[in-house]
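>>> pasting the structure only:
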Ligand code: HPA
């Protein structure tokens with residue numbers, strides 16, 4: 001049955017959904033990699049496609065930008081469409097000196113400045129973590145493809161622009177690798193609904209070295225991340 005933000009039927013989505021932030025990226029992935037892709041959602045232009053990859057049913061749908069948007073779509077996919085695995089494939093800004101543009105970072109855990117966890121009324125601070133099953137699968141698939149991964153803590157922030165120019169320093173001191181804007185909400189929805197989630201991010205900019213990937217560099221780097229996520233969908237179906 002349709003939900004407020006997804007006009008599809010149960011069964012329209014695969015067990016595993018890849019989620020880029022950008023709807024046009026969802027369309028690109030569907031057209032480039034999936035056989036027989038069918039548009040299953042287009043409410044608010046949040047394009048969702050289901051097709052097959054190496055014979056396995058796979059969906060790809062955009063999350064939009066930021067935790068509120070990711071939270072809405074991931075919640076509805078998990079809760080109403082029987083989705084088991086959501087793999088975010090996005091970009092992140094690097095904090096760590098060890099990271100280079102186009103590197104692939106996997107969020108083993110997420111820090112956040114969002115208040116999203118307050119809804120659970122916990123007697124302390126919740127630690128949003130990746131699903132170990134998905135993390136292990138990503139590691140195995142990346143190794144097979146010869147793509148090095150940087151696995152560690154990432155930051156999911158509510159704001160892209162900051163009033164305080166030194167806002168990143170504390171996170172850098174704590175060894176946080178990179179910053180993006182969606183993973184923490186995805187990990188908390190997965191935890192609450194007993195589902196699986198993982199965020200894979202390509203470094204599009206370096207926040208201390210002030211480097212920015214070119215459009216062409218972003219395109220090729222993104223390809224590596226997509227191939228890891230698609231390979232995971234195949235492994236998770238086995
Ligand atoms: N901040 C948040 N999200 C991002 C960034 C950033 O600097 N770069 C890519 N995604």
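Perfect, thanks for sending it. All figures in this text were calculated on a predicted structure; none of them were measured in a lab.

>>> Determine the three-state secondary structure at residue 197.
strand (DSSP: H, G, I helix; E, B strand; the rest coil).

>>> Count the neighbours of it for me.
26 (other CB atoms under 10 Å). Where C-beta positions appear, they are placed from N, C-alpha and C, glycine not excepted.

>>> so what's it bridging to?
Under DSSP bridges, the beta-bridge partners of residue 197 are residue 86.

>>> Just confirm it contacts residue 83, I think it does.
No. With contact defined as CB atoms under 8 Å, residue 197 does not count as touching residue 83 (10.1 Å).

>>> For the protein, which segments count as strands?
For the chain, applying DSSP state E gives strands covering 16-19, 35-41, 48-53, 56-61, 85-94, 104-112, 149-156, 178-180, 196-206, 211-212.

>>> Spell out which residues of the protein are next to the ligand.
By CB under 6 Å from any ligand atom, the part of the chain that sits against the ligand consists of 91, 92, 93, 157, 160, 179, 180, 181, 204, 205, 207.

>>> Let's see the pLDDT reported for the last one.
I take that to be residue 207. On pLDDT, residue 207 comes in at 95.

>>> Which helix in the chain has the most residues?
Identified as the longest helix of the chain according to DSSP state H is helix 215-237.

>>> Which residues lie in contact with the spatially most central residue of the chain in this structure?
By CA atoms, centre = their mean, the chain has its centre lying nearest to residue 88, at 1.6 Å. Listed by CB atoms under 8 Å, 6 or more residues apart in numbering, the contact partners of residue 88 are 19, 20, 63, 70, 182, 183, 186, 197, 198, 199, 200, 201.

>>> of all those residues, which comes closest to residue 48?
residue 19 (9.4 Å; CB to CB).

>>> And the residue lying closest to that closest one once chain neighbours are set aside, how close does it get to residue 5?
Counting by CB to CB, 6 or more residues apart in numbering, the nearest residue to residue 19 once its immediate chain neighbours are dropped is residue 63, at 4.5 Å. The gap separating residue 63 from residue 5 is 11 Å, by CB to CB, to the nearest Å.

>>> More neighbours: which of the two?
Remark: of residue 63 and residue 5, residue 63 carries more neighbours, 29 against 16, as counted by other CB under 10 Å.

>>> Name the residues of the least confident helix or strand in the chain by mean pLDDT that come out as buried.
The helix or strand of the chain with the poorest confidence is helix 215-237; it has a mean of 89 (mean pLDDT, DSSP states H and E). For helix 215-237, a neighbour-count test (16 or more other CB atoms under 10 Å) marks 218, 221-222, 224-226, 228-237 as buried.

>>> angle of that helix against strand 48-53?
Interaxial angle of helix 215-237 relative to strand 48-53 (axes from the mean of the first three to the mean of the last three CA atoms, to 10 degrees): 70 degrees.

>>> Noted, bye for now.
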